Every structure is written in structure tokens, then in C-alpha cells.
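A.B. asks: coordinates only, sequence not included:
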Ligand code: SAH
Ligand code: SF4
Ligand code: F3S
């Protein structure tokens with residue numbers, strides 16, 4: 001479509017009318033999913049999406065507060081954008097997400113970098129807030145809600161590969177782990193209507209998507225039409241727990257892969273594991289954050305389980321699904337953690353041999369239980385040294401896990417071309433391992449193929465089509 005007839009309006013005339021917005025997401029998958037809700041709301045407001053910051057009239061940063069470093073990254077980005085703004089007076093900058101919720105109007109006052117602050121439950125208000133900003137005001141809405149799930153909003157898939165998509169099934173978190181800022185930034189836990197979840201997955205499949213990842217901070221406490229005590233709210237409507245929801249989504253089509261994140265060790269039931277085992281298209285991969293291998297530290301973290309309980313959950317996974325991959329999150333140097341307690345984390349890792357892990361050193365967050373109750377007394381160099389030990393052990397286990405895959409054949413969903421070479425496809429197996437293999441005629445992304453793994457690094461499996 002490069003040629004234009006002379007009758008057509010020139011490109012300049014068309015573009016002049018159209019306002020554009022850009023959105024950048026930081027933090028967890030939840031934020032990336034929320035950005036797609038915001039994109040939908042902005043398109044309804046008449047804005048087109050752009051990936052070019054120089055081209056944008058409005059720039060949104062959808063932010064994360066989980067660790068201090070996450071917030072620093074956003075601050076640096078805001079300073080960069082403001083520098084840009086000096087030469088472009090009309091550019092409006094909005095902070096969305098968890099930092100918006102945590103810092104509220106402080107973001108406007110202290111930093112003077114921002115025109116708009118919108119918390120995670122207030123995205124429907126963005127059109128009004130934009131009008132206020134256009135009128136020369138600063139705009140803030142950080143109200144949290146007990147009901148908002150954006151169930152009726154059709155997300156606009158940004159960065160889409162057209163193959164995999166996130167589907168949010170719940171919002172907020174009621175767990176109050178003592179280190180964690182999420183309950184303060186995301187509010188109370190609430191589940192989304194299962195009918196709208198299934199409908200969204202059906203629509204995605206009809207559009208050619210082949211994989212959905214169901215998202216929530218604690219998917220195991222998904223419940224529809226049930227109170228937290230397990231009582232039925234409305235007797236005319238069915239109740240749905242997470243295992244049942246998984247099954248409903250798995251039944252959309254056997255060619256639609258289902259993943260989910262995050263499971264919580266205290267709530268993950270055998271019913272969920274049996275449902276996973278029953279359906280081939282529910283991926284054999286569980287992200288089960290342990291945080292620490294020491295029961296006393298877990299208690300201080302308010303995680304609601306002991307080391308033994310956690311190991312028993314791991315045993316249940318391995319028994320019910322012997323091929324299931326397991327990943328985790330680990331925090332080193334939490335308040336008062338001793339060397340011996342740190343060793344417990346390492347020994348638990350030895351026992352489980354995780355396929356993959358996200359590892360962090362503890363970062364104290366304002367307002368959390370730990371900030372109010374415990375001293376952040378492990379010196380930074382000790383936190384970092386322990387983290388290095390955890391990372392070193394995990395990279396051994398990660399490599400081992402990949403080496404075990406060599407020689408085996410897996411069903412792989414092609415997600416696109418390999419970053420390194422357009423002669424190679426990139427995809428994942430059910431266990432969430434990345435597999436690279438040579439392109440072949442007639443194949444395209446979105447196809448399922450059988451790939452035999454021939455070699456590996458600690459990060460990737462290399463293979464050939466069979
Ligand atoms: N809902 C998920 C975790 C969400 S946050 C769960 O319950 O497991 C993702 C990870 O960030 C956490 O699992 C934890 O390992 C890490 N994290 C959270 N708060 C942190 C903090 N204050 N310092 C360091 N890491 C933290
Ligand atoms: Fe944070 Fe715990 Fe909730 Fe996860 S379960 S989001 S770590 S409070
Ligand atoms: Fe960060 Fe908020 Fe997610 S704090 S990890 S973006 S829920």
C-alpha cells in the first residue's frame with residue numbers, strides 16, 4: 001500500500017487529526033494485561049496507539065512498586081521523558097499502575113514530572129481525566145474498588161504475536177505477605193465472572209490465538225459466587241473454583257493451550273493438579289513461589305505454610321504429573337535471616353531442583369507489615385552474596401533440567417522467529433522451555449510441531465523437526 005492516487009488525502013492531512021498515545025509496561029504480567037485494557041479505553045476515546053515516543057501526544061507508564069529498583073527505573077524514565085517534554089509542550093505524561101497507587105498525588109507534587117496519576121482500578125476514568133488534563137489541570141484517580149474486574153472490556157492486544165495472550169481472571173490480593181506491597185497497590189482480591197473469561201478465550205481462539213495464560217496474584221483462591229468462607233452467594237447461579245475454571249477454559253478447544261500464574265503453595269489443591277493431568281492442553285508447568293526454605297522465616301513472611309508443607313505440595317505435583325516443570329521465586333536476606341536459615345533455602349532448592357527461578361534480594365517496602373514490625377537488618381552485601389549463591393545453584397539446576405530434555409521429543413507451539421536468526425523458529429514446549437529449531441516449508445507461527453531436542457544451553461533447547 002505504498003502508492004497513493006492523487007484523489008486520496010495526503011498522509012499529513014490524515015495524521016494531523018489523529019491523536020496518539022504510547023503505553024509502556026513495567027512489572028508483572030498483570031500490568032502488561034492491564035495495559036491492553038487501557039489501550040482499549042484509549043481507542044474508544046479516539047486515540048491511536050504508537051510505539052514511537054516522539055510521535056505520542058500522551059505517554060503512559062504502567063508502573064511497578066514491588067522492589068525499590070523497579071520504582072527507580074520508572075523515575076529515570078520519567079526524567080528522560082520530561083527532558084523530551086521541554087521541547088514538546090503538549091505532551092501529557094500519565095503514571096498508571098502500582099506506583100500511581102502507592103504514591104498517589106505525591107507523584108504530581110514531588111516530582112512535577114507527571115500530568116496524570118491513575119491507580120489500577122480507575123482506568124475507566126481515563127477519558128475524563130484526560131479532559132481535565134487538556135483543560136490545564138493535573139488529574140488523579142487512585143480509588144481502589146472491591147468489584148472492578150474490567151470484565152466487559154475487550155483488551156486491545158499490544159505487542160501481539162497473534163499466538164499467545166494473557167487473560168486476567170482476578171485482581172488484587174488478600175494475602176498480606178509481610179514483605180509485599182501488592183495488597184496496598186492492588187486492593188482487595190476479587191474474581192472475574194467465568195462466563196466472560198471463557199468468552200474471551202473463545203474469541204482469542206477464533207482469532208487464531210493458540211495459548212492463553214490465566215493471570216492472578218493467587219489463582220488458587222479464584223472463586224465465583226462463593227464467599228471467602230465457602231458459602232454460596234446466589235443459589236440460582238453455579239459456583240466455580242479455580243480447578244473448575246481451568247477445566248472450562250481447557251474445553252474451549254483442545255488446540256488452545258492453557259497456562260496460569262501464580263499458584264500459592266498454601267492454596268494449591270490436588271483438584272487443580274488432577275485437572276491439569278486430565279487435559280493435555282493444560283501445560284505441565286507450575287510456578288510455585290517458595291520465597292524461603294526456612295519455616296521460621298516463612299512465618300515472619302506470613303506466607304501461611306511451612307517448609308514441610310511446601311515440600312509435600314512439590315511431592316504431590318511430581319506424583320500426579322511426573323513430567324511437570326516447576327519454577328519458583330526466592331527472596332534472600334529477609335529481616336533477621338541467619339546464615340543457617342539461608343542454607344535452608346539452598347537445601348530446599350537441592351531437594352526440589354527447580355527448572356527455573358526468579359531470584360531477588362529483599363527490598364523493604366513502605367507500609368508493609370515487615371517495614372512496620374521487623375528490622376531490615378541483613379546488610380546489603382550479605383543479601384547480595386546470598387543472592388549470588390542462590391543464582392549459582394539455580395543455574396546448575398536449570399542446565400541440568402535442560403540436559404534432561406536432550407534426546408526427548410516435545411510438542412512445541414511455534415511462537416515466531418528466533419531472535420538470532422530468521423532461519424529458525426522459536427517456540428515453547430508444555431513445560432515452558434524455549435525450543436529453537438530450523439524453519440521448514442509450510443510451517444508458520446501458531447502451528448504445533450514435534451521437535452526432538454538435540455542440544456542445549458542453560459537458557460534454551462535446540463532441536464530438529466521430526
Ligand atoms: N503473587 C505472587 C508474587 C507476586 S510478586 C506470589 O504470591 O508468589 C513477585 C515476586 O517478587 C514475589 O514472589 C517475591 O519473590 C518478590 N518480591 C515481592 N516483594 C519483594 C520485596 N519486598 N523484596 C524482594 N522481592 C520481593
Ligand atoms: Fe504479594 Fe503474597 Fe499477595 Fe503474592 S500472595 S501478591 S507475595 S501478598
Ligand atoms: Fe509490580 Fe504491581 Fe505487579 S507492584 S509486580 S506491577 S502487581
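C.D. replies: Nice, I can see it. Since we're looking at a predicted model, the values are computed, not measured. Ligands and ions are numbered 1, 2, ... in the order given.
A.B. asks: Quick check: phi and psi on the closest residue to ligand 2 within the stretch 351-466 of the chain?
C.D. replies: Residue of the stretch 351-466 of the chain nearest ligand 2, by CB to the nearest ligand atom: residue 368 (8.9 Å). For every residue, glycine as well, the C-beta is placed using N, CA and C. Main-chain dihedrals, residue 368, degrees, to the nearest 10: phi -70, psi 160.
A.B. asks: Residue numbers of this structure in contact with ligand 1?
C.D. replies: 66-67, 179-180, 182, 217-218, 262, 264, 289, 291, 329, 331, 360, 362-363, 365 (CB under 6 Å from any ligand atom).
A.B. asks: now, which of the residues you listed lie within strands?
C.D. replies: Of these, the ones assigned to strands by DSSP state E are 329, 331, 360.
A.B. asks: Could you identify which of those has the most neighbours?
C.D. replies: When neighbours are counted by other CB atoms under 10 Å, residue 331 leads those with 27 neighbours.
A.B. asks: my guess is it meets residue 293, correct?
C.D. replies: No. With contacts defined as CB atoms under 8 Å, residue 331 does not count as touching residue 293, sitting 11.0 Å away.
A.B. asks: Quick check: beta-bridge partners of residue 450?
C.D. replies: residue 411 (DSSP bridges).
A.B. asks: thinking it is in contact with residue 408, fair?
C.D. replies: No. With contact defined as CB under 8 Å, residue 450 does not reach residue 408; the gap is 10.8 Å.
A.B. asks: How about the closest residue to ligand 3 within the stretch 351-466 of the chain, nearest residue that isn't a chain neighbour?
C.D. replies: At 8.9 Å from ligand 3, residue 365 is the closest residue in the stretch 351-466 of the chain, using CB to the nearest ligand atom. In space, and not counting its chain neighbours, residue 365 is closest to residue 181: 4.2 Å by CB to CB, 6 or more residues apart in numbering.
A.B. asks: Tell me the predicted confidence for that neighbour.
C.D. replies: Note on residue 181: pLDDT of 97.
A.B. asks: and the gap between it and residue 155?
C.D. replies: 25 Å (CB to CB, to the nearest Å).
A.B. asks: Report the helix or strand with the lowest average pLDDT across this protein.
C.D. replies: Lowest by mean pLDDT, DSSP states H and E among the helices and strands of the chain is helix 11-17, with a mean of 50.
A.B. asks: residue ranges with poor pLDDT in the stretch 151-300 of the chain?
C.D. replies: Within the stretch 151-300 of the chain, not a single segment meets pLDDT under 70.
A.B. asks: let's see 80
C.D. replies: 159-160 (pLDDT under 80).
A.B. asks: who's in contact with the nearest residue to residue 146 once chain neighbours are set aside?
C.D. replies: Using CB to CB, 6+ apart and skipping residues adjacent in sequence, the residue nearest residue 146 is residue 188, 5.4 Å away. Neighbour list for residue 188: 144, 146, 172, 174 [criterion: CB atoms under 8 Å, 6 or more residues apart in numbering].
A.B. asks: so residue 297 touches residue 337, yeah?
C.D. replies: Yes. Residue 297 is in contact with residue 337 according to CB under 8 Å; the separation is 5.7 Å.
A.B. asks: State the mean pLDDT of whichever helix or strand comes after the least confident helix or strand of the chain.
C.D. replies: Reading on from helix 11-17 to the C-terminus, the next helix or strand found by DSSP states H and E is strand 19-25. Strand 19-25 shows a mean pLDDT of 96.
A.B. asks: can you give me the strands in the stretch 151-300 of the chain?
C.D. replies: Applying DSSP state E, counting those that start in this stretch to the stretch 151-300 of the chain gives strands spanning 164-168, 170-171, 190-191, 211-215, 223-224, 240-241, 257-261, 285-287.
A.B. asks: By proximity to ligand 3, which residue of the stretch 151-300 of the chain wins?
C.D. replies: For the stretch 151-300 of the chain, CB to the nearest ligand atom, closest residue to ligand 3: residue 182, 4.8 Å.
A.B. asks: State the distance from that residue to residue 171.
C.D. replies: 11 Å.
A.B. asks: for residue 350, same thing?
C.D. replies: In terms of CB to CB, residue 350 sits 36 Å off from residue 171.
A.B. asks: More neighbours: which of those two?
C.D. replies: Legend: neighbour count by other CB under 10 Å for residue 350 and residue 171, higher for residue 171 (25 against 12).
A.B. asks: Around ligand 2, which positions in the chain sit nearby?
C.D. replies: Counting by CB under 6 Å from any ligand atom, the residues of the chain near ligand 2 are 173, 175-177, 180, 182-183, 217-218, 264.
A.B. asks: Can you flag the buried ones in those?
C.D. replies: 173, 175, 177, 180, 182-183, 217-218, 264 (16 or more other CB atoms under 10 Å).
A.B. asks: Export those residues to TSV and append columns for distance to residue 24.
C.D. replies: What follows is these, written out as TSV (distance: CB to CB, whole Å):
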residue	distance to residue 24
173	24
175	28
177	27
180	23
182	20
183	25
217	22
218	26
264	29
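A.B. asks: And the furthest pair within those residues?
C.D. replies: 183 and 264 (13.3 Å; CB to CB).
A.B. asks: between the two, what contacts are shared?
C.D. replies: Joint contacts of residue 183 and residue 264 (CB under 8 Å, 6+ apart) are residue 175.
A.B. asks: Now stretch 59-74: buried residues?
C.D. replies: Per 16+ other CB under 10 Å, stretch 59-74 contains these buried residues: 59-67, 70-71, 73-74.
A.B. asks: related to what we said a few turns ago, reformat the contacts of residue 188 as CSV; add neighbour count and distance to ligand 3.
C.D. replies: What follows is the contacts of residue 188, written out as CSV (neighbours: other CB atoms under 10 Å; distance: CB to the nearest ligand atom, whole Å):
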residue, neighbour count, distance to ligand 3
144, 17, 13
146, 10, 17
172, 24, 9
174, 13, 14
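A.B. asks: Can you tell me which of those is nearest ligand 2?
C.D. replies: Checking the contacts of residue 188 one by one against ligand 2 (CB to the nearest ligand atom), the nearest turns out to be residue 174, at 7.6 Å.
A.B. asks: Around ligand 3, which positions in this protein sit nearby?
C.D. replies: So far as CB under 6 Å from any ligand atom goes, the chain lies against ligand 3 at 27-28, 30-31, 64-66, 97-98, 181-182, 185-186.
A.B. asks: Which of those residues fall in helices?
C.D. replies: Under the assignment DSSP state H, the residues of the chain next to ligand 3 contribute 30-31, 97-98, 182, 185-186 to helices.
A.B. asks: count of neighbours near residue 464?
C.D. replies: Neighbours of residue 464 (other CB under 10 Å): 12.
A.B. asks: Contact partners for it?
C.D. replies: Contacts of residue 464 (CB under 8 Å, 6+ apart): 437-438, 451-452, 454.
A.B. asks: Appreciated, that's everything.
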